[in-house]
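S.K.: Just a sequence and a predicted model for now, questions to come.
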Amino acid sequence: MAKGYMGKLLIVNLSERSFREESISDDVYQSYLSGTGLGVYYLYNNIPQGTNPMGPDNLLGFMSGLMTGTGSVMTGRWSVVTKSPLTGGWGDANCGGNLSIQIKKCGYDGIIIGGKSLKPVYLYIQDSTVTFCDASHLWGMDAIDSERLLLEENKNKGNTAAAVIGPAGEKLSLISGISNDFGRYAARSGVGAVMGSKHLKGIVLKGTKKIESNDPKSIRAISKEYIEKIKNAKLPGMVKGSMLPIMGHLTGTQKTYGPMDGMMTASAMKKWGTIANNTMGIPNGDNPVKNWGGSIRDYSWRYYRSINPDKIINREIKKYSCYSCVIGCGGICDVKNIDAIKGDETHKPEYETVNAFGPLLLNNNLESLFVINDMLNRGGMDSISAGNTIAFAIECYENGLIDKAYTGGLELHWGNVESIIVLLRQMIAREGVGAIFADGVKKATEAIGVESQAYAMHVGGQEPGMHDARMDPILGIHYAADPTPGRHTIGGGMYYNIMHLWDYVSWAPKVTKGSNKADDYLASDEIGLKSAANACIKQVLDGSGGCFFAMASGFNHWRLFDYLNATTGWHMTPDQYMKTGRRIQSLRQAFNIREGVNPMDNALNNRLAGNPPLKEGPLAGKSIPIGEMMKKHFKYMGWDENGIPDINS
Amino acid sequence: MKIKVYPPTFIKADVLDMDNYIEIDEGGTVRQIYDRLGIPVVLSPLVYCVVNYKKTKLDTPLKKGDIVSFISFLSGG
Ligand code: SF4
C-alpha cells in the first residue's frame, strides 16, 4: 500500500566515491515518520559515538518530508541532519525552497552523505544514478552564482534542484549554512561547515519518480479547504505597516490572552511575510535590541520607522513561495539601484536578518540591510548567528575588551554600518579579525577572554533567534531545553495559543479566554505540559515536511493529523502522533547525552533569562526561572529531572 | 444562539465566555457583534472581520455555529 514515503535512503560515501540504497521498513516510518525523525533514527545508529563533526565519519543527511509531493499543501520543507560542530551534539536545520520534492522524485526519503572527498566535488543525482563531479571551478564561488552555474551545467529543464554552500562553509565557519533556490537557507547547527569539511560544494537532483499515497482524494479535499481559506485571508489595503507598532504595543500591554485564529494572522504573512514583525515586536519587547541589553528606549520610533515592512515590500517585484506553499511569505526584491549588490534581484530579507543586523546592532540603515542580506546569502552564513556575533563584538569593543589595534582598524561602535559590513565580509572570508568571529559567539569568547562571556549571547554554543524569552517564557524553555538549543522555531506561548492542539490532543492544556500572562512566568505543570506539546508536535511537523507557518495557521485549518492518515492509511490518533513526536525528540536528546552534552548546561545565561531584569522598556522587571522551567519540561517529556531520556521505555 | 468570536488581539472582550462564545438573538448580525465587543463600526475597514473565513456584510444575519474572526497579529519569524 502506498504511504507517501519512498521506502529507502540513498547512502553516499565520498571517500570511496560509492553509493548504495538502503531500504527502510514500514515500522521505522510509523515510529519516526520521515524528515528529521528518520534522520535522527539513521544517524543515531550510524554515527559512532565521539565522532569528530568535521571528520569523515560524520554523516550529513538531506531529508525530505513524509507528505512532500502527495498533493498536500505547505509540505515542501526539507531538513539537514548531522552531528553539529557548533554545539557538539545533535544538529539539524530546516529549510524551504524546492529541494525536498526532488529528493523524493529521485526515489528517496533522504540522501545520507559520509566520508570526505580529497578534492572539491558535487553530486549529480538523477533518479538512482549518482555522478561524482569535479567542483574545483566552483570552490570559492558564492552560493548564488554556484547554484546558477550548477543548474546551467546540468541543463536545468525545470525539474532540477540544487543545494550548495558558499565560501563560509568552504572555510568551515561553524555558523555557515546550506542554500537552495538562490538564498533559502538551512542555516542552523553549523551544517554548512560539515558540508565544507567533506569538500562537497553541492548536490544537484533531478528525479522522475512518482510519489503515491494511500488516499489522494482525501488529501486533495483537505488541501482544497485550506487553499480556499488562505485565498480569502486578505488584509484590507488600509492596514499599513505604520500601524504595526501600535498593534504590537496593544498586544504587549494586555494582561490576559486567549485562543487565537491563525487564519487571521496568515493574512499578514501573505502581505508582508516575516518582516511584519520588524516594527510590531519593538514596542512589546519581542525583538531583542542592543545585544539583548536594550529596549525601545535605545531603538525608538526615530530608528525603527526605517525598517517599516512597507519600505521593504516597496521593492518587492514578485512573491516567493516554497514548493507546495499557498501562503508565499517570501518575496523577490528589485535592488538594481543598490550598487553594492551584485545582480538586479534578491530574496526579500527575512525578519530574523533585519533584526539581527538592525535593532540588535542599533543599525537603522535600511539599504545596508539589503546589502547584508545579500552578503549572507552569497557567503553562506547564518544571519541569526552572524548578527549575534557582531553584537557581541561591538559590546566587547565598546567596553574596552578589544580595541582598534585588535580589530585591524575597525571602529566597532553601535550602529556603525560601515564597520559592521567590513567585519561581516571578513567573517565570511575568515580574514583579519573576522577569523576570530567566524565561528560564532562562544568560540570568540575563547579568544577574547573570560570577561567577554558576559556579552556572549548563546545557548549551548548556538546563538538564539530574534525573539525574546523575557517576553515569551515558553520560547525560552525551547531555547534552553531543545536538543538543538537557541532555536526560535520549536514553539512558544503565542504559537501554542494559535495551534489549537488542545482540540485534538488529550493532554494538551486548553487555552481559554482571560488566561493570565503572569502565569507564563511560573515554572508550573501547565507550562511544562505546553512546552512538551510544542516540542512533540514540532517533530511531527518536521517529519512530515510541513512549514512552521502552516502550523501557526492552526490545526483547525491546516489539518495535519488528517493529512498524515490520508497519506499513510495508519489511522493513528493525534495522541499517537504526539507519542511519535516524543519518540523523535527523545532520540535527538539521547544523541546529545551520548555525545557528552549536559542538558542543564544549556540553561539561558543571565541576560537572556532577565537576571537581573532590564530596567526600562516593555520587558522591565521581567525574568524567568529557566532552570525550574526546564525541569518541568523534562518531566512532561518523560525524561528525568536532568533531561536524560530513557529511549527504551 | 451561540456564535464563536475571535476578537482583535487588543480587545478585552469581556462579553465572550471562556471559550470565546457569545449569545446573540436569532437573526443577529455582524454589526451586533461589533456593538457587543465595543468596536466602533467606523473601524470596520481596519479591523478586518470575516465570517467563516469569508468576507461578509455588516448586516448579514448570522447562523448558529458561525465563526466570526477579527484581525490579529502574531510575533514570529
Ligand atoms: S509560508 Fe513561507 S516559509 Fe512557509 S512554505 Fe510558504 S514561503 Fe516557505
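M.R.: Everything's here; your move. Numbers count the residues shown, from 1 in each chain, chains lettered A, B, ... in the order given.

S.K.: Just the pLDDT for residue 7.
M.R.: Picking chain A for this. pLDDT recorded at A:G7 is 98.

S.K.: that answer is for a different chain, and I need it for chain B
M.R.: 93.

S.K.: Check the gap between it and the ligand for me.
M.R.: 25 Å (CB to the nearest ligand atom, to the nearest Å). Using the backbone N, CA and C atoms, a C-beta is placed for each residue, glycine as well.

S.K.: go on, A:A405?
M.R.: In this view, A:A405 and the ligand are 44 Å apart by CB to the nearest ligand atom.

S.K.: what's that residue sitting at in phi/psi?
M.R.: With angles defined as degrees, to the nearest 10, A:A405 sits at phi -70, psi -40.

S.K.: ok, now A:N516?
M.R.: Dihedral angles for A:N516 - degrees, to the nearest 10 - are phi -80, psi 120.

S.K.: Provide a list of residues in contact with the closest residue to it other than its chain neighbours.
M.R.: Excluding the flanking residues, the one nearest A:N516 by CB to CB, 6 or more residues apart in numbering or on different chains is A:T256, at 5.9 Å. A:T256 sits next to A:K513, A:G514, A:S515, A:N516, A:K517, B:K12 when contact means CB atoms under 8 Å, 6 or more residues apart in numbering or on different chains.

S.K.: Report the residue spans of chain A with pLDDT below the cut-off.
M.R.: Confidence mapping of chain A against pLDDT under 70 gives the ranges A:156-158, A:649.

S.K.: What residues does it have near the ligand?
M.R.: Residues of chain A lying close to the ligand by CB under 6 Å from any ligand atom are A:M74, A:G96, A:S321, A:C322, A:C325, A:I327, A:G328, A:C329, A:G330, A:C547, A:F549.

S.K.: List the residues that contact the third one.
M.R.: Yep, that's A:S321 we're talking about. Contacts of A:S321 (CB under 8 Å, 6+ apart): A:I327, A:G328, A:G330.

S.K.: Looking at those, which are in strands?
M.R.: A:G330 (DSSP state E).

S.K.: which two from the residues of chain A next to the ligand end up farthest apart in space?
M.R.: A:M74 and A:G330 (13.2 Å; CB to CB).

S.K.: residue ranges for the helices of chain B, please.
M.R.: Assigned helices in chain B, in chain order: B:30-37, B:44-47 (criterion: DSSP state H).

S.K.: what packs against the longest one?
M.R.: Counting contacts by 3 or more CB pairs under 8 Å, 6 or more residues apart in numbering or on different chains; DSSP states H and E, the secondary-structure elements packed against helix B:30-37 are strand B:2-6, strand B:49-51.

S.K.: Name the residues of the longest one that come out as buried.
M.R.: Yep, that's strand B:2-6 we're talking about. For strand B:2-6, burial by neighbour count (16 or more other CB atoms under 10 Å in any protein chain shown) applies to B:I3, B:K4, B:V5, B:Y6.

S.K.: Can you tell me the closest non-neighbouring residue to the third one?
M.R.: So the one you mean is B:V5. B:V68 (4.8 Å).

S.K.: gap between the residue nearest to A:N516 and A:A469?
M.R.: 20 Å (CB to CB, to the nearest Å).

S.K.: Now do the SS call for A:T82.
M.R.: What DSSP: H, G, I helix; E, B strand; the rest coil gives for A:T82 is strand.

S.K.: Next, count neighbours for it.
M.R.: The number of residues packed near A:T82 is 25, by other CB atoms under 10 Å in any protein chain shown.

S.K.: Can you point out the buried residues in the helix or strand harbouring A:E152?
M.R.: Assigned by DSSP states H and E, A:E152 belongs to helix A:143-153. By neighbour count on 16+ other CB under 10 Å, the buried set for helix A:143-153 is A:A143, A:I144, A:D145, A:S146, A:E147, A:R148, A:L149, A:L150, A:L151.

S.K.: now for those, which pair is the farthest apart?
M.R.: Farthest-apart pair in those is A:A143 and A:L151; separation 12.7 Å (CB to CB).

S.K.: Flag the helix or strand of chain B with the lowest per-element mean pLDDT.
M.R.: Among the helices and strands of chain B, helix B:44-47 carries the lowest confidence by mean pLDDT, DSSP states H and E, at a mean of 82.

S.K.: With the flanking residues excluded, which residue is spatially nearest to residue 40?
M.R.: The chain I'm using is chain A. A:L587 (4.8 Å).

S.K.: let's do chain B instead
M.R.: Closest residue in space to B:P40, ignoring its immediate chain neighbours: B:Y34 at 7.5 Å, by CB to CB, 6+ apart.

S.K.: Write out the residues of chain B neighbouring chain A.
M.R.: B:6, B:9-10, B:12-13, B:16-20, B:45-46, B:48, B:50, B:53-55, B:67, B:69-77 (CB under 8 Å from any CB of the partner chain).

S.K.: if we go to 7 Å?
M.R.: B:6, B:9-10, B:13, B:16, B:18-20, B:45-46, B:48, B:50, B:53-55, B:69-77 (CB under 7 Å from any CB of the partner chain).
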